[in-house]
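1. Generate a structure from the sequence data that follows.
(4 chains)
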Protein chains: 4
Amino acid sequence: MSSYEAYKERLLKMKPNIYVGGEKIGRNDPRVEAGMNMIRVSYDAETDPQFKDKAIVKSSLTGKNISLYTHVPQNTEDLLKRQKLTRDLCGLCGGCFQRCMANDTISGISIATKEMDDDLGTEYHQRFFNYLKYYQKNNLCGNAGQTDIKGDRSKRPHEQVDPDLYLRVVEKRKDGIVVCGSKAHNTIAPYADEIIVVPTRAMTKDDADWAVSFAIPSDAEGISLIARASQPRARTHIKAPFNERGVMDSLTVFDNVFVPWERVFMCGEWQYAGRLALLFANYHRFSYCGCKPAMTDVFIGATAMVAEYNGVGNAPHIKDDLAKLMVTAELVYAAGIAAAVTGKKSSSGTFEPNFMYSNAGRYHAGVNIFHEYDILSATAGGWPATMPYEEDFYNKDIKGFLDKYSMRKPGISAEDQHRLFRFISDFSCSAWSGVWQYAGVHGGGSPIMEMIGIRSNYDLKAKKDLVKHLAGIKD
Amino acid sequence: MSSYEAYKERLLKMKPNIYVGGEKIGRNDPRVEAGMNMIRVSYDAETDPQFKDKAIVKSSLTGKNISLYTHVPQNTEDLLKRQKLTRDLCGLCGGCFQRCMANDTISGISIATKEMDDDLGTEYHQRFFNYLKYYQKNNLCGNAGQTDIKGDRSKRPHEQVDPDLYLRVVEKRKDGIVVCGSKAHNTIAPYADEIIVVPTRAMTKDDADWAVSFAIPSDAEGISLIARASQPRARTHIKAPFNERGVMDSLTVFDNVFVPWERVFMCGEWQYAGRLALLFANYHRFSYCGCKPAMTDVFIGATAMVAEYNGVGNAPHIKDDLAKLMVTAELVYAAGIAAAVTGKKSSSGTFEPNFMYSNAGRYHAGVNIFHEYDILSATAGGWPATMPYEEDFYNKDIKGFLDKYSMRKPGISAEDQHRLFRFISDFSCSAWSGVWQYAGVHGGGSPIMEMIGIRSNYDLKAKKDLVKHLAGIKD
Amino acid sequence: MSSYEAYKERLLKMKPNIYVGGEKIGRNDPRVEAGMNMIRVSYDAETDPQFKDKAIVKSSLTGKNISLYTHVPQNTEDLLKRQKLTRDLCGLCGGCFQRCMANDTISGISIATKEMDDDLGTEYHQRFFNYLKYYQKNNLCGNAGQTDIKGDRSKRPHEQVDPDLYLRVVEKRKDGIVVCGSKAHNTIAPYADEIIVVPTRAMTKDDADWAVSFAIPSDAEGISLIARASQPRARTHIKAPFNERGVMDSLTVFDNVFVPWERVFMCGEWQYAGRLALLFANYHRFSYCGCKPAMTDVFIGATAMVAEYNGVGNAPHIKDDLAKLMVTAELVYAAGIAAAVTGKKSSSGTFEPNFMYSNAGRYHAGVNIFHEYDILSATAGGWPATMPYEEDFYNKDIKGFLDKYSMRKPGISAEDQHRLFRFISDFSCSAWSGVWQYAGVHGGGSPIMEMIGIRSNYDLKAKKDLVKHLAGIKD
Amino acid sequence: MSSYEAYKERLLKMKPNIYVGGEKIGRNDPRVEAGMNMIRVSYDAETDPQFKDKAIVKSSLTGKNISLYTHVPQNTEDLLKRQKLTRDLCGLCGGCFQRCMANDTISGISIATKEMDDDLGTEYHQRFFNYLKYYQKNNLCGNAGQTDIKGDRSKRPHEQVDPDLYLRVVEKRKDGIVVCGSKAHNTIAPYADEIIVVPTRAMTKDDADWAVSFAIPSDAEGISLIARASQPRARTHIKAPFNERGVMDSLTVFDNVFVPWERVFMCGEWQYAGRLALLFANYHRFSYCGCKPAMTDVFIGATAMVAEYNGVGNAPHIKDDLAKLMVTAELVYAAGIAAAVTGKKSSSGTFEPNFMYSNAGRYHAGVNIFHEYDILSATAGGWPATMPYEEDFYNKDIKGFLDKYSMRKPGISAEDQHRLFRFISDFSCSAWSGVWQYAGVHGGGSPIMEMIGIRSNYDLKAKKDLVKHLAGIKD
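-> Numbers count the residues shown, from 1 in each chain, chains lettered A, B, ... in the order given. So this is what the prediction gives:
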């Protein structure tokens, strides 16, 4: 049984707790299946000759062969491998391949648990490693539950009118804890094995009840996954790989959910909430340095092809736009390389990307995403917005007209014209593209968050000292 | 009977010739009706106390009261009135109110026919005025059929492998002409009374058969409207004006369509094809100086409101973004004012906006549209992309959760939060927004077209003379 | 005697109170003369057939013919005339013609004095009109003294550690007032007849001593003009109009300066300090809608010419850049037109430009200025930065080399190549260009000030109401 | 004798062949000395404990300790070391430290000579290594002579009306070659030991005479250095390190200059002209990934300090601007790291940076340079443009005024205010800044050159294949 089949089998055994469009559905729903198809890409890579040398690595815990996406990185090489494979697989998906987030979460937890144990005498680190061995052995697919609802954004967790607006511990029992609240924007939760929760921000002493991290099966008692399904438009005649996969996000509600202690990795250590939140952010922004260039790769390919199909492949302004897309892709990717090369070993042994570069890369991707759609749109012309429905191309009354008037550059068949423009429409002029525009801004932290991260961590004093030296100013 | 009712009655009498999603439909289809609802806004303005002083004007042909949108402007005041009303009505629609385009077409034809008659001794001008009287009297709703398929964009009409890739005259008969080809991106064609055709570009002598302009009822024999319907997501519980209206675009196919001479306004006068194309473009870009600020008004309002609802209404970076949106809106609007104020009277009596300013305004709107979505998206956060379906908010199992976790700033009810975010999702994270992003780039001519228009018509010599003077260079 | 000669005669009679580079100089210094040469342009326009219909207008006070630049505008036409003439004359100067600022000041004072009188029962308005008659009759050249030193920008005037960091009234006497403090960035002060002082910002009751406005001859007792002179590089062989003119700014120090009451236009009316500051800003930002397009005109001409001289006049990316410059020029100019057309009559009879548009125009100019230098620099190549000195082109040992290696496009003489590149170097790669880059950002208020002005005065409620309507939100 | 002293001694022995401002000068002129002061920084680094571990490396030719800046890189580590040291030293200089260019030239020649020898059977490589041993042993300071005058940019070398508009071989003799022409923008030529010439572009067979590379002492017979000197404003009282250094560029004229064969590294091998030109460009653009971040470091420090001195250090828009500067610096630096990490070993053993990343980094720096000045200018306010002369601050009549009115934030002394604003004025509002703005755009190849380089070398096919896969298009 392949790792994908095993994953699917596990999923299909789960209790239905997904709500979509007013109904409760099971994991055999086609919308869930579209998400599984996306996850499949990273499972299949493990046996794909093109990818398996990156997709399979040796576990730092057990020395056994495991999936890269269950591994916590030990060195620069591990990070570079991850960045490259992520770009390749996201390219194949034409967007987010959805597997990075749990990897980013476990990497972060592996560090923070060690630091808590060292500083506070807690016992989280070994507990987490036990969990991680189980996770690696079973090659699980995890979701990252980070973003709280946050209520009034100008208030801290304990100041909210409803304490559940941030997820919190409502009871500590002998055998575990009980949590209440919700996590939003939980991509893949409906087709993940596990939900892995980390805090969303730095906290104060008064927020201790909200400083919590744990892992839980996504169909555990008390969990509701209120989900939204996104998928490129379904195809009837013009089938294409891009349209076979989808994504679901959920508002994951925890209604008095019990979590046994062996799955709790932070509980009240508010001093480390910010650290763990930023560790996840750091890894996740590093992941963006792999996936966003893949997204840009698709923009590059689509822009170049549609220019050719329109007969304007050599128009100078389009060639300039292509070069700008290339620079965007490679600067973001370069930031990831720099983050990996200048990263550092944490006390846990896990290797941490250089926060400055992972943030600079994610920031640059985030401020450019809408402009990438702009370029593709400007090059494609209006057809992706107004082209008739697929079915019309197969209605015998008008098929002749549509084939005739699809023609642009001679030598490109009507079907290929149809295929390319329909892809561009689905990719960039659809409910799907709306979701990925928002995701391009906010996923992994919006640009304003990276600006704050960067300026808070930058060695500004060294730069001011340079100026003092040059200007002859003595302190 | 109100002018809207009369319009609807006319439409419902038409022969079915609309193709959508593989079917042929009549004009009583709900998707067509959603389009009519949009058109209704400008008809209703004629009797609305807030708008009627602008919406009703005196015809320059008959002296009778007519709709502004059937009037050809005679002076600056007419243009300013049009710009203001367009902004107001588009604001009410939350986007394109779809009524400007025929107005722009008839304004252009009124000028070009006079110039052809004066220069070439043709008799188009009076013929067009006869048609226009009919159009004004019946308060028709016209569509503009300008954009040809264009095939290989590096080739002229007569060089295409298929001569029909630009619409052309295939036969001249005693009583009229027969045309073949198609026009693309024909917004409102399925719910317009008439299709008014103008050339798409400048032409050479060899392209004479393609230099053609005429008006024709949209259900005339031989016309097929292969259409795509767009509409904000349908609502079940949370009804809202924004979701009641829609738009259809069509690929309008002319399969040996007969046009009687009294409806033909150009036929072979290739020298004037470019002039008429640019006249339409000028008026249409001027229209954009009214409608795009309305679109930006919605971005301003939505960004301000969502910031407040999120509790961050005073965040400095959001206030800066709001100011940038305001500047964009007002610069585009100012360009329209300047075009109206510095316009000129043509030989036909029709008043022409200053091409330079209408183009500068449209250009600025076009290069900013994606950035406006970016700002709204950045301010709103991820919820418009991931919020559960409307029905889930009314599923009794989870309604409590959704109301609870919708809460942000205290004092804003769960329903208002729901309404605002669902509006933002429909407006900016949907198939609808995809269409309007493309339309924002290409409608009325994409920014590259305005750049070409501007630099081709600018008095560059005067600027070089300035530099020669300053530098002491004698010619 | 021409108005310029009269001006010069007045100036040369003044007491020396200018400090430059460690020396006290008289107004016969060549650096002052370079400034006078700039002022001359607006005086000479009064008799120039090309300009006199705009440069000479009827005084609203006396009905006599006066210089436009001593007139307070009465209607849209007056504003449009001023905008056009300013663009033309600044074009001739290759930059700021320096005459607008006093005009902007008197326009603002004419309104604020009336409003104060009406509301507070003061008697400033007639007093100011008496002064203005004198000013018009003698065709004076005034300076605007607005910007205070401001000390710690996070503190109000009365909170500063040194009360003189904003200019203030230190004594009220029977015959007048005594003021102390300074005004910074006082362009043309060393060659102005008069310094006309207005407040720099809104004030509170505690700041009443700092709410002061008056006019004073620029060599009055107690005034020191500590000045910086800027001028394009002096030429020896390649004389050119651009290099004959210059500008001086001063830090104008008021050391217990007595001002007679008949020249005092505000003294303690802190409620109107902000109004007068913004009135000046409004007129001055409107002026920028005339002068900045002229500056862009020079960028357009220079970029086009250097592209031609380099043999790349048809390079598509350069044509695109030219179009972008054209759009910038015309959008800023359009904002000025819109400000004039939608302005309003104040209670004093003076016509006020629409604040929203004057600010939008100035903002757009301000955020684009550096980019304009970027475009010219990118097109010109490195030669403006590295070309040898003018004298080397006339050193017989190497003249041959320099003429030979100046050659670019055949048909353009070595001298013209030399002239153009030296102009571009002086215009855009020099101490002079440094000053105008800073002035382009800050003159008339930097972009951040316009953002604040716009968002504080915009009808944001109307935009939010639109969204509420569309989304179905009831208040 | 230190390596700087040895360098200076060599220079002072040279024959005078520098022309400045109409005079011929020797290398003891203060303007030349200011340039030597800049070069000194890299010589002094060799013995500075902070830098010497990077500044001194083992020669790949001799195994001896040599200066990093005479070394040809052998691996990633060598490149990273160079990038870091360049950033550090340029930071100390407040701009270009001027030592990279010869290093970039020799690195390129070391590769191209090997490839020519391998492919064409020439004997350049060993010859060059002999020269390089001499260069390393004597720790020479070289200049890169690459940019030709180029005449009509739309023509190739052999098509120019004057064949000397590109440097060319006019005679091949038994003992060497004779060259004619010139090289422009030759930074440091007046104070370099050697001029090292490489071709400026790809060439065709007809351009063979123009395909030439060699090294020659900068005072060789027939060479004239027609130079322009740039230096921050000289200081009298407020001495500061920034103002002690300068730069000279020259138009270097070769009037029948003889070059012995042992110093000739290409002579007619037109097929390799483009390769060598791009190799130099690659190394030089890589160097920019070190120096431009240093320039941005100064912008960061200066912007932060002036905001503090103005009392607005916490203004949110300024903190955002600082973050943007930080991202710019680190993305460019990251591109350099990526270029070093993903570079490759050439057949000569020299390690080549990855062209894609060095170009992306240089491009990003180039398109941001003017914006960096914009940010500093916007934060500093107008004072750098209008502050009085240094001498005025020491004129007893007005010193009191200037000290008094320099005060901004309490606690910062008048002298420190003076020092900071004068530095900012010299750095960003001066003839010096004009030169560095142009250099920031063009040095190492302007952004348009990098766009061409990137799009010509990018694997576009792979991106189109991705889209074909996603869209289901078969070739």
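2. mean confidence for stretch A:100-116?
-> Across stretch A:100-116, the average pLDDT comes to 98.
3. Could you verify my assumption that A:Phe393 touches A:Leu402?
-> Yes. If you go by C-beta atoms under 8 Å, A:Phe393 and A:Leu402 touch, sitting 4.9 Å apart. No exception for glycine: its C-beta is placed from N, CA and C like everyone else's.
4. Mutual contacts of those two, please.
-> A:His418 (C-beta atoms under 8 Å, 6 or more residues apart in numbering or on different chains).
5. Helix, strand or coil: sort out A:Glu221 for me.
-> Under DSSP: H, G, I helix; E, B strand; the rest coil, the three-state class of A:Glu221 is coil.
6. What separation do you get for it and A:Lys24?
-> 15 Å (C-beta to C-beta, to the nearest Å).
7. residues contacting the nearest residue to A:Val312 once chain neighbours are set aside?
-> Spatially, and ignoring its direct neighbours in sequence, A:Val312 is nearest to B:Arg153 (5.2 Å; C-beta to C-beta, 6 or more residues apart in numbering or on different chains). Shown in contact with B:Arg153 (C-beta under 8 Å, 6+ apart): A:Asn310, A:Gly311, A:Val312, A:Arg408.
8. can I get those in TSV with secondary structure and distance to A:Cys100?
-> Putting the contacts of B:Arg153 into TSV (DSSP: H, G, I helix; E, B strand; the rest coil; distance: C-beta to C-beta, whole Å) gives the following:
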residue	secondary structure	distance to A:Cys100
A:Asn310	coil	35
A:Gly311	coil	39
A:Val312	coil	37
A:Arg408	coil	38
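9. Determine which two of these are furthest apart.
-> Spatial extent of these (C-beta to C-beta) is set by the pair A:Val312 and A:Arg408 at 9.7 Å.
10. quick one: which of the two has more around it?
-> Shown here are A:Val312 and A:Arg408; by other C-beta atoms under 10 Å in any protein chain shown, A:Arg408 has more neighbours (26 against 18).
11. Is it correct that the more buried one is in contact with A:Asn310?
-> Yes. Counting by C-beta under 8 Å, A:Asn310 is a contact partner of A:Arg408 at 5.5 Å.
12. Just the pLDDT for the residue in chain A that chain C sits nearest to.
-> The nearest approach of chain A to chain C comes at A:Pro316, 3.8 Å away (C-beta to the nearest C-beta). Per-residue confidence (pLDDT) for A:Pro316: 94.
13. Check the burial of it by counting its neighbours.
-> Residues near A:Pro316, counting by other C-beta under 10 Å: 12.
14. That one against C:Pro316, yeah?
-> Yes. Applying C-beta under 8 Å, one finds A:Pro316 in contact with C:Pro316, separated by 3.8 Å.
15. I'd assumed A:Val197 was in contact with A:Trp210.
-> No. Using C-beta under 8 Å, A:Trp210 is not in contact with A:Val197, being 11.2 Å away.
16. Do the top strand by length along chain A and chain D come into contact?
-> Counting residues, the longest strand in chain A under DSSP state E turns out to be strand A:247-260. No. Strand A:247-260 stays clear of chain D (C-beta under 8 Å from any C-beta of the partner chain), getting no nearer than 15.3 Å.
17. by contact count, what packs against that strand?
-> strand A:18-20, helix A:30-45, strand A:176-187, strand A:212-217, strand A:223-230, helix B:383-386, helix B:399-406 (3 or more C-beta pairs under 8 Å, 6 or more residues apart in numbering or on different chains; DSSP states H and E).
18. quick one: contacts for the residue of the stretch 151-300 of chain A found nearest chain D?
-> The minimum distance from the stretch 151-300 of chain A to chain D, using C-beta to the nearest C-beta, falls at A:Ala240 (3.6 Å). Going by C-beta under 8 Å, 6+ apart, A:Ala240 touches A:Arg419, A:Arg422, A:Phe423, D:Leu470, D:Ala471, D:Gly472.
19. got a winner among the residues you listed for most neighbours?
-> Within the contacts of A:Ala240, neighbour counts (other C-beta under 10 Å) peak at A:Phe423, which reaches 28 neighbours.
20. Which helix runs longest in chain A?
-> Longest helix in chain A, counting residues (DSSP state H): helix A:273-309.
21. pLDDT on that one, on average?
-> 98.
22. is chain D contacted by that helix?
-> Yes. Helix A:273-309 comes into contact with chain D (C-beta under 8 Å from any C-beta), by way of A:Asp297, A:Val298, A:Ile300, A:Gly301, A:Ala302, A:Ala304, A:Met305.
23. Now do the next helix or strand after that helix against helix D:316-341, angle only.
-> Downstream of helix A:273-309, the next assigned helix or strand under DSSP states H and E is helix A:316-341. Helix A:316-341 and helix D:316-341 meet at an angle of 80 degrees, taking axes from the mean of the first three to the mean of the last three C-alpha atoms, to 10 degrees as the criterion.
24. Understood, closing this out.
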